[in-house]
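>>> Kindly generate the corresponding structure for this input.
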Amino acid sequence: MNRLLKYITLSILIISSILLIQCGSNTKSNGEETVGQGPESGGLRSLSISPEMVQKWNLKFAFPEQREYVEKITLNGVLKGNNETTFLITPRVCGIVSEIKKDVGDLVEKGDVLCVLNSSELLDIKTKYIKALGDFKMKKENFERGKNLIKIKGLEQKELTSRETDYKSAMADLFSLESELISVGYDKISLQRIKEALQQDDTSKISAFLTPDYKILSPIKGKIISRDLNLGERVDENKNIYEVSNTSKLLVILDANEKDLENIEKNKELIVTTDVYGGVIFKGYVQVIMEKIDPVLRTIKVRGIIDNEEGRLKPEMFVKGMLEKRLKESRVGIGANALVKISGIDGVFVKEGDKFKFKPVEILAIDSVGNAFVNGLSTKDNVVVEGAFYLKSEFMVQDEEGE
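Numbers count the residues shown, from 1 in each chain. The predicted structure is shown next:
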């Protein structure tokens, strides 16, 4: 019995020793796998990603480089219509509104009909023009005939001078009436067609021309900003009936602090934002820096041109303008999109051969244009600058599988 108990006790001791040795071996093996590998220890850990996945994830790479730290100067301002591309439309002759073709907010092309007036005054000008064409033709022929007659002494010089005077007077009347018609929207080509119709005795074309319709045309491509007329209203030639503006570019008037002047220069890139559209950025440039500083506010007006092709911005909107301010100091930097955080550690993924390693970094600063300045990188590190979040996800998946 005693011998049996001794045998059992010895067996238990042997088994316990074996288990302790195995546990110690496993502990050492696990320690060798993790120490210096995971981000918690500040070391590197690599991922193997196939070329197909690199292409699918559209990973982009860049080497860190010396970059200037950039800040943005923010200026408050307001949008204004561009007077250089804004037209107030006034009729050249009076008339009664018979048609309204365009209204406020409508987009127009150059030459589009905005409205039509029934103008007896215009009809009178057209009638005089037709008569002037016939009178000019007759007096020109009379003068040419006189020049031939005087060569054979069939006409006195006094009579030829009289014919020449009549011819030039008729020409002046014709040109004056042509100018009036051009001012109301007719071009030289259309007037030439009228001359040809008169020579060919084409009464249908002449009749179509002799109407009281006065078509008010848009002088530019743009948008109707205002309209001040109604159907049946009599409109005089001194009344502004439409305002048309090319709103594809707007003015912005900004207030800059005196201390920011050294960072503002003509033609410098400018962006504006408005609370109306959240974070949407509208680009432009500095056009003019005014000469006078406000003696009380110590600010100066800065005028810029802002692109507004989609027409979303409106005159008198409040905006914030931003200009870059580059500091002279430069540091090693990379795009901020490259940064990821794993287990509370900031870092980037670096490509080494066919592997990707997570490399911890110390973030010193991130400037206003997305440059990240860090410690822990060299200019020889091939850093993943786009698509790092795919690698982070894969990294975390492998960690979970390892556990």
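>>> helices or strands next to the longest strand seen in the chain in the packing?
The residue-count maximum for a strand in the chain (DSSP state E) belongs to strand 318-335. Under the contact criterion of 3 or more Cβ pairs under 8 Å, 6 or more residues apart in numbering; DSSP states H and E, strand 318-335 touches strand 65-80, strand 249-257, strand 269-273, strand 371-375, strand 383-386. Backbone N, C-alpha and C define where each C-beta goes, glycine included.
>>> how about these in a markdown table, adding mean neighbour count?
Output for these, formatted as a markdown table (neighbours: other Cβ atoms under 10 Å):
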| stretch | mean neighbour count |
| --- | --- |
| strand 65-80 | 16 |
| strand 249-257 | 20 |
| strand 269-273 | 19 |
| strand 371-375 | 20 |
| strand 383-386 | 21 |
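>>> where does the stretch 301-403 of the chain have low pLDDT?
Residue ranges of the stretch 301-403 of the chain with pLDDT under 70: 326-330, 368, 399-403.
>>> Okay, buried residues for the host helix or strand of Glu394 please.
Using DSSP states H and E, Glu394 sits within helix 388-402. Under the neighbour-count criterion of 16 or more other Cβ atoms under 10 Å, helix 388-402 has 388, 390-392, 394-395 buried.
>>> Put together CSV for these, with distance to Phe209 on each row.
Listed next are those as CSV, based on distance: Cβ to Cβ, whole Å:
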residue, distance to Phe209
Ala388, 72
Tyr390, 72
Leu391, 76
Lys392, 76
Glu394, 78
Phe395, 81
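>>> Pick out whichever of those sits closest to Leu79.
Nearest to Leu79 out of the buried residues of helix 388-402 is Ala388 (Cβ to Cβ; 38.4 Å).
>>> separation between that closest one and Asp260?
Distance of Ala388 to Asp260, given as Cβ to Cβ, to the nearest Å: 35 Å.
>>> For stretch 314-328, which outside residues touch it?
68-81, 250, 252, 254, 260, 263-264, 268-276, 286, 302, 304, 313, 368-369 (Cβ atoms under 8 Å, 6 or more residues apart in numbering).
>>> Please save the CA atoms from that stretch in CSV.
Extracted C-alpha coordinates of stretch 314-328, given in CSV (Å, rounded to 0.1, in the frame of the first residue of the first chain):
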residue,chain,number,x,y,z
LYS,A,314,-25.8,85.5,-55.0
PRO,A,315,-24.8,89.2,-54.6
GLU,A,316,-24.9,90.4,-51.0
MET,A,317,-24.2,87.0,-49.5
PHE,A,318,-21.9,87.1,-46.5
VAL,A,319,-18.8,85.0,-47.0
LYS,A,320,-15.4,84.1,-45.5
GLY,A,321,-12.4,84.5,-47.8
MET,A,322,-9.2,82.5,-47.2
LEU,A,323,-5.7,83.1,-48.3
GLU,A,324,-2.6,81.0,-47.7
LYS,A,325,0.1,82.2,-45.4
ARG,A,326,3.3,80.3,-45.8
LEU,A,327,5.8,80.2,-43.0
LYS,A,328,9.5,80.3,-43.8
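>>> how far is the helix holding Glu394 from where the chain is centred?
How far helix 388-402 lies from its chain's middle: 40 Å, per Cα atoms, centre = their mean, to the nearest Å.
>>> same for it, what does it pack against?
If contacts are counted by 3+ Cβ pairs under 8 Å, 6+ apart, helix 388-402 sits against strand 45-48, strand 340-342, strand 345-352, strand 355-360.
>>> Quick one: distance of the third one to the chain centre.
Going back to what we said before, that points to strand 345-352. Centre-to-centre, strand 345-352 and its host chain are 36 Å apart (Cα atoms, centre = their mean).
>>> so it versus helix 388-402, what angle?
Put simply, strand 345-352 runs at 100 degrees to helix 388-402, going by axes from the mean of the first three to the mean of the last three Cα atoms, to 10 degrees.
>>> what's the answer for the last one, then?
What separates the directions of strand 355-360 and helix 388-402 is an angle of 90 degrees, with the same axes, to 10 degrees.
>>> just how off-centre is strand 355-360 within its chain?
With Cα atoms, centre = their mean, you get 40 Å for strand 355-360.
>>> Summarise which helices and strands it is packed against.
strand 45-48, strand 345-352, helix 388-402.
>>> So which residues of the stretch 1-150 of the chain form helices?
2-34, 51-56, 120-151 (DSSP state H, counting those that start in this stretch).
>>> what's the neighbour count on Glu352?
A count of nearby residues for Glu352, using other Cβ atoms under 10 Å, gives 12.
>>> So what does Ile281 look like in phi/psi?
Reported as degrees, to the nearest 10, the phi and psi values for Ile281 are phi -100, psi 130.
>>> tell me the contacts of it?
Ile281 neighbours (Cβ under 8 Å, 6+ apart): 271-273.
>>> how about a cut-off of 10 Å?
Shown in contact with Ile281 (Cβ atoms under 10 Å, 6 or more residues apart in numbering): 271-273, 322.
>>> which one of these is nearest Ser169?
Nearest to Ser169 among these, counting by Cβ to Cβ, is Val272 at 59.5 Å.
>>> List the beta-bridge partners for the nearest residue to the closest one once chain neighbours are set aside.
In this structure, Val272 finds its nearest non-sequential neighbour in Val319, 4.4 Å apart by Cβ to Cβ, 6 or more residues apart in numbering. On the basis of DSSP bridges, Val319 is bridged to Gly77.
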